[in-house]
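In: Have a look at this prediction, sequence included:
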Amino acid sequence: MFRTARVSAALALCTALLAAACGRDGSPPSKGPAADRLPHDQVDRAFTLPASGTWTRAKRRGYFVVGAKEDQPYLGEKDPATGGYAGFDIEIARMMSASLGFPPQSVKFKTIASANRETALQNGQIDYYVGTYTINANREKLVGFAGPYYLAGQSLLVRKDEDDIHGPQDLDGRRVCSAAGSTPYQRIQADYPRAALVAYDTYSICVDNLLTYQVDAVTTDDAILIGYAAKAPDELKVVGRPFSKEPYGIGVPRGDSALRLALDGALQAREKDGDWKKAYEATLGLSGVPAPDPPAIDRYPARDARTA
Ligand code: GLU
């Protein structure tokens, strides 16, 4: 009886979260960045990059097609009413478009789940990918990475009334949810095999399962979890200290070093001129964490020459 009441209360909350209309005083806007504080991306009209097949195809088409997430608060969110995307990753994608010669608003975003990113880049479905995408050696065998442009760390999201989970060491026998194909999923599987691990395509499904008592914790990057917690501060909390390093890169087709290095240069320029910080403060910064210094960019000229 009690459980039923609790589940229906949680379901009501999910519906409220989905409707994105909690309307609490002082809570950050549930959709979209603080538009007045976003950087005004200048289009570099003189830019050309004929050495890049990806850029050349985009030029012919007239815009970039960029892979992103659509359900990660402050990072990559799609407004179901307008179809528009917003968030820190989205702003990074738009800045890159402007620096590479295309209007920032011309980017066509495509939602691609964590497990499908490499395939989407390999089969030309997208030109580049900006969506909490950790750079690591396994992925570098399949795709290229510009950046990093942000450093996150794996953490845990639990219900506010959970007192027993403070870190990954407390997950034995507990149900923990993450996205298929993600590094946080892989880390729990490898390092905490006694956790009862559940995978879905997206973290928002995990969060729904947490609110309805189907799982006991959600694990992924702190940047993502802080956003979900900020949207439901009475129901959810992020616990413990980050237990990994997740440097976010812009995924590109593996062979296209010209595109990768151009994006590295563009990131560096936008970090230097203050646009990176402006974009952060108008998006991810709304979840309450002040702008960190961006991590050093790793321009790796030779790595693409290695055989996979
Ligand atoms: N940064 C991690 C990853 O790339 C987790 C976030 C995500 O799934 O996008 O796997």
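Out: Right, received. Where do you want to start?
In: For the stretch 151-300 of the chain, what lies in contact range of the ligand?
Out: The stretch 151-300 of the chain comes close to the ligand at residues Ala179, Ser182, Thr183, Pro184, Thr220, Asp221, Glu246, as judged by Cβ under 6 Å from any ligand atom. Placement of C-beta: from N, CA and C, glycine included.
In: Burial check on the third one, number of neighbours?
Out: Same thing as Thr183. 23 (other Cβ atoms under 10 Å).
In: Hmm, it is touching Thr134, no?
Out: Yes - between Thr183 and Thr134 a contact is recorded at 4.8 Å, counting by Cβ atoms under 8 Å.
In: Tell me the residues that contact both of those two, please.
Out: Glu246 (Cβ atoms under 8 Å, 6 or more residues apart in numbering).
In: Identify the residue nearest the geometric centre of the protein.
Out: Nearest residue to the geometric centre of the chain (Cα atoms, centre = their mean): Thr132, 2.9 Å.
In: what secondary structure does that one sit in?
Out: coil (DSSP: H, G, I helix; E, B strand; the rest coil).
In: One more: Gly249?
Out: Under three-state DSSP, Gly249 comes out as strand.
In: Which parts of the chain are helices?
Out: Remark: helices assigned in the chain by DSSP state H are 2-19, 53-61, 88-99, 117-122, 137-140, 183-191, 203-211, 222-231, 257-272, 275-282.
In: For whatever residue of the stretch 201-308 of the chain ends up closest to the ligand, the count of nearby residues, please.
Out: Closest approach between the stretch 201-308 of the chain and the ligand, counting by Cβ to the nearest ligand atom: Glu246, at 4.4 Å. Counted with other Cβ under 10 Å, the neighbours of Glu246 add up to 26.
In: what's across from it in the sheet?
Out: Per DSSP bridges, the residues bridged to Glu246 are Ala152.
In: Could you report the pLDDT at Lys277?
Out: The model reports Lys277 with a pLDDT of 97.
In: What of the one 10 residues further on?
Out: With respect to pLDDT, Ser287 has a value of 82.
In: Now do the contacts for it.
Out: By Cβ under 8 Å, 6+ apart, the neighbours of Ser287 are Pro28, Pro73, Tyr74, Ile226, Gly227, Ala230.
In: Which residues lie in contact with Pro294 in this structure?
Out: With Cβ under 8 Å, 6+ apart, Pro294 has these contacts: Pro148, Tyr149, Tyr150, Leu267, Glu271, Trp276.
In: if we can go back for a sec, quick one: the residue of the stretch 201-308 of the chain closest to the ligand and Pro148 touch, right?
Out: No - look at Glu246 against Pro148 with Cβ under 8 Å: they stay out of range, at 9.0 Å.
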